[in-house]
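Novice: here is my input; please provide its structure:
(2 chains)
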Protein chains: 2
Amino acid sequence: MKEPRYLILADHDFGIMTSKTANAVIRYHPSRVVAVLDRALVGQTSQQVLGFGGDIPVVGTVAEGLKLGANCVLIGIAPQGGRLPEEWYGWLAEALEHDCDIVSGLHTFLSDDPKLAAIAMQHGRTITDARKAPANLPVATGLAKDVDALVVLTVGTDCNVGKMTAQLQIVSGLKARGVRTNFVATGQTGIMVEGWGTAVDAVVADFIAGATEQIVLRGAKDADVVLVEGQGSINHPGYSGVTLGLLHGACPDAMILCHQPTRDFIGDYRDASWVKIPPLSEYVKMYQAIGGMVHPTKVIGIALNTFDMDDLSARAACEAAARETGLPATDPVRFDPGPLIEAIIKAMGEGR
Amino acid sequence: MKEPRYLILADHDFGIMTSKTANAVIRYHPSRVVAVLDRALVGQTSQQVLGFGGDIPVVGTVAEGLKLGANCVLIGIAPQGGRLPEEWYGWLAEALEHDCDIVSGLHTFLSDDPKLAAIAMQHGRTITDARKAPANLPVATGLAKDVDALVVLTVGTDCNVGKMTAQLQIVSGLKARGVRTNFVATGQTGIMVEGWGTAVDAVVADFIAGATEQIVLRGAKDADVVLVEGQGSINHPGYSGVTLGLLHGACPDAMILCHQPTRDFIGDYRDASWVKIPPLSEYVKMYQAIGGMVHPTKVIGIALNTFDMDDLSARAACEAAARETGLPATDPVRFDPGPLIEAIIKAMGEGR
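Specialist: Predicted coordinates for the structure are as follows:
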């Protein structure tokens, strides 16, 4: 298989929270990315926009990306509901006509679009929908609770607070300690980074837990620790069903609670100031209570996402979170993921 | 539109809890049912098997149902995962060939089956999949919390404990009091009884709450009270995601907790004795806490399903439930639904 050379489409979104797929692929596989398309930031580099990713340039047209050697277009945004802006279809057609593949994490399956599918066929290109669920998903049977590996799930106070990133930052540290560790991706971005997984928010509702169980079992093979990517939040008015199905399907022995300290309201409803984010200790209590109705579980650490704070405030936020919850707290991207790694190793030792 | 004359397929399941669709259609529309197919109970009547439904006969073949005038075959069981026993496909083909339509609530869409679809087309018949979700579902926006009507959701200690039936038993009582009341169906059986609704367990996971919101808004038009059919249970290892998405999408002002007193474990996992059903008061606390994270809500009554108990035990169970929770408790099928109707009228008066 040829190495992908991505042109990432993140128009009007690069560098802000909704370009989560772009950010993750650049963070964990920068060598695969030749350019990012965002007409509002043309001429800048990924380093300037994100603070990482080095010289990867931002371009304003698909043609420029092709000139830089792109052989695959990756949809780098995750819009609410997962639907694609209309205008982008022209760009995708252009890319296919110039012998690029397409990788997408949208709810709208691009491979089902008759026009795009026809162009792809004509040019021998592939369209991969990372969110397309496997056929014949099971209803959860409870097998995940019996795996030998320690199952660790990230849970959050909202969407897009770093549940995937926290896990990915921990993987290498655990492996360095000799702990056999697998990351289990449950969303389109994690799947693009890891190469396998199931987007549990895209399966038929009755099978959320079953789909999760299936990939946890796969991740638990030959592993001491399984790090399961969490989704949404238990109090997110739109997505809480996915969160709870995932929690009960994964049967985690331990959880890491993820939070962005500057966020006061559930993000998608910020304009309406609808759902205020309660204190961390309330989330700890709720996740343990509702998770524990199916399988005993506890929160063992706090992962903060402090990307929009200065160093001093970020340190203070970690200390405040640790004080409030009595748990180790860190920003595993900005600071040392060590406290979370220690917490996991301690949980392994406790035999659960 | 011609009146449907159903032959209900419930082979090996009629009269037991999994023939939930059969039971509900017979209970609320007995005049539409000409026969039930169950090879294990041939010769009996619905009255003998269910205790209601009068002379509706149980037959052993599709041919007998046709002879009795059936013009539509209705799938009367709801197997775990919603898939159809292989053998039934032959019966369905036979029915289509003899000019019957098909109505199904299974996850496997029968209208997508190439063989059945071809036979249906050849004979000018229709195959209706009640679980097929509408296109372009929204992510929940929170509109349900702002409707003028009092929104009442049934919640449960498990699947199949009477969440739909409790609501249907209350509808006429409320209407008799002059309260404009709409029932909002969220499952295939409710849809078959009511004629509209969305099977929220069959939508893509990200849209559970949005799909619920959409039908609650429709139900709230010109209504004082909206009775929303609940699904699953907050601690059901397979289906809890549906339960929570439905709870947060509906934004109920009040909840009625449904329970079958003889059940000790979550039903689908009874063999493994996995998830023990905790006391009712724990469910009350949990549903209020997790529902309240999005919209203030409280449990206002308990609906028990005592179909497998004698009268004395059933009365005692209602009294025990009322004592434990401090709430009105009744079996709205066996006894008087009045206490639940009173509780709803009281909640309306409190202006929430």
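
Novice: residue contacts, A:Leu304?
Specialist: By Cβ atoms under 8 Å, 6 or more residues apart in numbering or on different chains, the residues touching A:Leu304 are A:162, A:258-261, A:314, A:317-318, A:321, A:329-331. Heads up, the C-betas are built off the backbone N, CA and C, glycines and all.

Novice: how close does it sit to B:Leu244?
Specialist: As for A:Leu304, its distance to B:Leu244 is 25 Å (criterion: Cβ to Cβ, to the nearest Å).

Novice: A:Thr330 too?
Specialist: Taking Cβ to Cβ as the measure, A:Thr330 falls 29 Å from B:Leu244.

Novice: which of these two has more neighbours?
Specialist: For A:Thr330 against B:Leu244, the residue with the higher neighbour count under other Cβ atoms under 10 Å in any protein chain shown is B:Leu244, and the figures read 30 against 26.

Novice: so the more buried one makes contact with A:Gly238?
Specialist: No. Using Cβ atoms under 8 Å, B:Leu244 makes no contact with A:Gly238, being 11.6 Å away.

Novice: where does the stretch 251-352 of chain A have low pLDDT?
Specialist: Counting by pLDDT under 70, the stretch 251-352 of chain A shows low-confidence ranges at A:270-272, A:351-352.

Novice: helices of that one, residue ranges please.
Specialist: A:280-292, A:311-325, A:338-349 (DSSP state H, counting those that start in this stretch).

Novice: so which of the ones you listed is nearest chain B?
Specialist: Set against chain B and scored by Cβ to the nearest Cβ, the helices of the stretch 251-352 of chain A come closest in helix A:280-292, at 6.4 Å.

Novice: for the closest one, packing partners?
Specialist: Packing contacts for helix A:280-292, counted by 3 or more Cβ pairs under 8 Å, 6 or more residues apart in numbering or on different chains; DSSP states H and E, involve helix A:240-250, strand A:254-259, strand A:298-304, helix A:311-325, helix B:280-292.

Novice: list the buried residues in the second one.
Specialist: This points to strand A:254-259. By 16 or more other Cβ atoms under 10 Å in any protein chain shown, the buried positions in strand A:254-259 come out as A:254-259.

Novice: identify the farthest-apart pair in these.
Specialist: Within those, two members stand farthest from each other by Cβ to Cβ: A:Ala254 and A:His259, at 16.8 Å.

Novice: need the contact list for A:Ile345.
Specialist: A:Ile345 makes contact with A:174, A:177, A:179, according to Cβ under 8 Å, 6+ apart.

Novice: count of residues packed around the second one?
Specialist: I take that to be A:Arg177. 13.

Novice: got the contact list for it?
Specialist: Taking Cβ under 8 Å, 6+ apart, we find A:Arg177 in contact with A:341, A:345.

Novice: mind pulling up the pLDDT for it?
Specialist: A:Arg177 is assigned a predicted lDDT (pLDDT) of 95.

Novice: could you pull up phi and psi at the residue of chain A positioned farthest from its centre?
Specialist: Note on chain A: the largest C-alpha distance from the chain mean falls to A:Gln122, namely 33.1 Å (Cα atoms, centre = their mean). Backbone geometry at A:Gln122, expressed as degrees, to the nearest 10, gives phi -60, psi -30.

Novice: do A:Pro57 as well
Specialist: Here the main-chain torsion angles of A:Pro57 (degrees, to the nearest 10) amount to phi -90, psi 150.

Novice: quick check: chain neighbours aside, which residue is closest to A:Ala22?
Specialist: Counting by Cβ to Cβ, 6 or more residues apart in numbering or on different chains, A:Ala22 lies nearest to A:Gly76, which is 3.2 Å off, once chain neighbours are set aside.

Novice: tally of neighbours for the one you found?
Specialist: Going by other Cβ under 10 Å, the residues that sit close to A:Gly76 add up to 31.

Novice: the host helix or strand of A:Ala166 vs helix A:338-349, what angle?
Specialist: The secondary structure element spanning A:Ala166 is helix A:163-176 (assigned by DSSP states H and E). Between the axis of helix A:163-176 and that of helix A:338-349 there is an angle of 70 degrees, by axes from the mean of the first three to the mean of the last three Cα atoms, to 10 degrees.

Novice: return the set of buried residues in helix A:163-176.
Specialist: Under the neighbour-count criterion of 16+ other Cβ under 10 Å, helix A:163-176 has A:163-171, A:173-174 buried.

Novice: just to check, A:Arg131 is in contact with A:Ala199?
Specialist: Yes. Checked against Cβ under 8 Å, the pair A:Arg131 and A:Ala199 is within contact range at 4.1 Å.

Novice: which one of the two has more residues nearby?
Specialist: A:Ala199 (27 against 23).

Novice: ok, that one to A:Asp113 distance?
Specialist: Applying Cβ to Cβ, one obtains 18 Å for the distance of A:Ala199 from A:Asp113.

Novice: same check, this time on A:Phe14
Specialist: The gap separating A:Phe14 from A:Asp113 is 24 Å, by Cβ to Cβ.
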